[in-house]
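**Student:** Model the structure of this input:
(one chain, ligands or ions: 2)
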Amino acid sequence: MTLILDGKAHAERMLAEVAAGVADRIARGHRPPCLAVVLVGEDPASHVYVRGKVADCARTGIRSVEHRLPAETPQADLEALVRTLNTDPAVDGILVQLPLPAGLDAKRVLHLLDPAKDVDGFHPVNQGLLLEGLPGLRPCTPSACMSLLKAHGIDPKGTRAVVLGRSEIVGKPMALMLLEAHATVTIAHSRTRDLPGLCREADILVAAVGRPGMVEGSWVKPGAVVIDVGINRVEDVALGERIFAADPARLATLKAKGGVLCGDVRYAEAALVAGAITPVPGGVGLLTRAGLMANTLQACR
Ligand SMILES: Nc1nc(=O)c2c([nH]1)NC[C@@H]1CN(c3ccc(C(=O)N[C@@H](CCC(=O)O)C(=O)O)cc3)C=[N+]21
Ligand SMILES: [Mg+2]
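**Tutor:** Numbers count the residues shown, from 1 in each chain. Ligands and ions are numbered 1, 2, ... in the order given. Predicted coordinates:
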């Protein structure tokens, strides 16, 4: 029996907790927390994600203010907006939606953020606090994954954990959090030799590479906990035929609709072997949004 780690259900619990925290502040005479969302350009996926985040704000009683800028916005203008938001006492959290359009330097923008308003947890000060094991604003996706494990009574202590992917946003902070929870952690990436063999040693396998269906069922150790952070839209039918061989429903959706979402893990294959697994959609993505709401409340406090 494979346990499905239901991201939607856990996100609902996290959002309810944030909503209670917000209501409590308001009852004590404070204003609601306020999240500023900066969205540059017309990337359709970014618009979908931002819409979701704004909806979560509304649900939890957090005020959201959207700042939409054209794709041709000069770096200096974007930086000026961030400086204004940094000093605006009505703004508690600032989220600059990534990726930024070509020509804009995301690192320079993120380094400019006031670390106390950096609800993504991407600023070097917050990354450094995490490295030292100190409290701070922590990246939403890995902290939500840790919260999901905890909610299901899965304790990383003493386990072998493998994190696939070494991004600043997911892979590296995820590895640090698992280490903090006393797992023995390996970070694997595109240059890792014998990736399947390494993954087969993992009691906890986190996939965060952004390559649809890369992790095959045969890479999963029987009984392992599989956390799939990837959200990929597959439109190529030839690719779909390969990675959805064990997932006829998803392949049918791809053919009928011209595209389908899937994670970095071949869910249908991996679910037969794993002890617990997160689905995509309905897994980590929703938790990331809930984590952002929790961070905004924390930044406000
Ligand atoms: N500054 C910044 N912070 C981010 O946290 C950030 C970002 N930039 N850029 C893009 C990625 C991606 N991301 C997701 C958020 C929600 C879902 C989500 O809600 N997924 C749902 C629905 C998926 C869908 O329908 O597209 C699900 O998995 O069930 C997915 C992905 C946040 N990101
Ligand atoms: Mg990588």
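
**Student:** Where does the residue nearest to residue 112 when sequence neighbours are not counted sit, in terms of helix or strand?
**Tutor:** Of all residues not flanking residue 112 in the chain, residue 82 sits nearest, at 5.2 Å (C-beta to C-beta, 6 or more residues apart in numbering). From N, CA and C alone the C-beta is placed, and that goes for glycine too. Using DSSP states H and E, residue 82 sits in helix 75-87.

**Student:** Report all helices and strands that that helix contacts.
**Tutor:** Where contact means 3 or more C-beta pairs under 8 Å, 6 or more residues apart in numbering; DSSP states H and E, helix 75-87 is packed against strand 34-40, strand 63-69, strand 93-96, helix 106-112.

**Student:** Each with direction, which strands does the second one pair with?
**Tutor:** Spelled out, it's strand 63-69. In the sheet containing strand 63-69, its partner strands are strand 34-40 (parallel), by DSSP bridges.

**Student:** relative to helix 75-87, how tilted is the partner strand?
**Tutor:** For strand 34-40 against helix 75-87, the angle by axes from the mean of the first three to the mean of the last three C-alpha atoms, to 10 degrees is 170 degrees.

**Student:** I'd like the mean pLDDT over strand 34-40, please.
**Tutor:** When pLDDT is averaged over strand 34-40, the result is 98.

**Student:** And ligand 1, is it touching that?
**Tutor:** No: figure legend: strand 34-40 not in contact with ligand 1 (C-beta under 6 Å from any ligand atom); closest approach 8.7 Å.

**Student:** packing partners for whatever helix or strand comes next after that strand?
**Tutor:** Under the assignment DSSP H and E, the closest C-terminal helix or strand after strand 34-40 is helix 44-60. The elements that helix 44-60 packs onto, with contact taken as 3+ C-beta pairs under 8 Å, 6+ apart, are helix 7-27, strand 34-40, strand 63-69, helix 284-300.

**Student:** what about 10 Å?
**Tutor:** Packing partners of helix 44-60 (3 or more C-beta pairs under 10 Å, 6 or more residues apart in numbering; DSSP states H and E): helix 7-27, strand 34-40, strand 63-69, strand 93-96, helix 284-300.

**Student:** the inter-axis angle of the longest one versus helix 284-300?
**Tutor:** Same thing as helix 7-27. 20 degrees.

**Student:** Also compute the angle for helix 7-27 relative to helix 44-60, please.
**Tutor:** 50 degrees.

**Student:** next one: helix 7-27 to chain centre, how far?
**Tutor:** For helix 7-27, the gap between its own C-alpha mean and the chain's C-alpha mean amounts to 18 Å (C-alpha atoms, centre = their mean, to the nearest Å).

**Student:** residues in contact with the residue of the stretch 151-300 of the chain found nearest ligand 1?
**Tutor:** The stretch 151-300 of the chain approaches ligand 1 most closely through residue 285 (2.5 Å), counting by C-beta to the nearest ligand atom. Counting by C-beta atoms under 10 Å, 6 or more residues apart in numbering, residue 285 makes contact with 7-8, 11, 49, 52, 141, 144, 228-231, 261, 263, 278.

**Student:** Take the helices and strands packed on helix 75-87 and write them to TSV, including mean neighbour count and distance to residue 295.
**Tutor:** Output for those, formatted as TSV (neighbours: other C-beta atoms under 10 Å; distance: least, C-beta to C-beta, whole Å):
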stretch	mean neighbour count	distance to residue 295
strand 34-40	23	9
strand 63-69	16	14
strand 93-96	26	7
helix 106-112	16	15
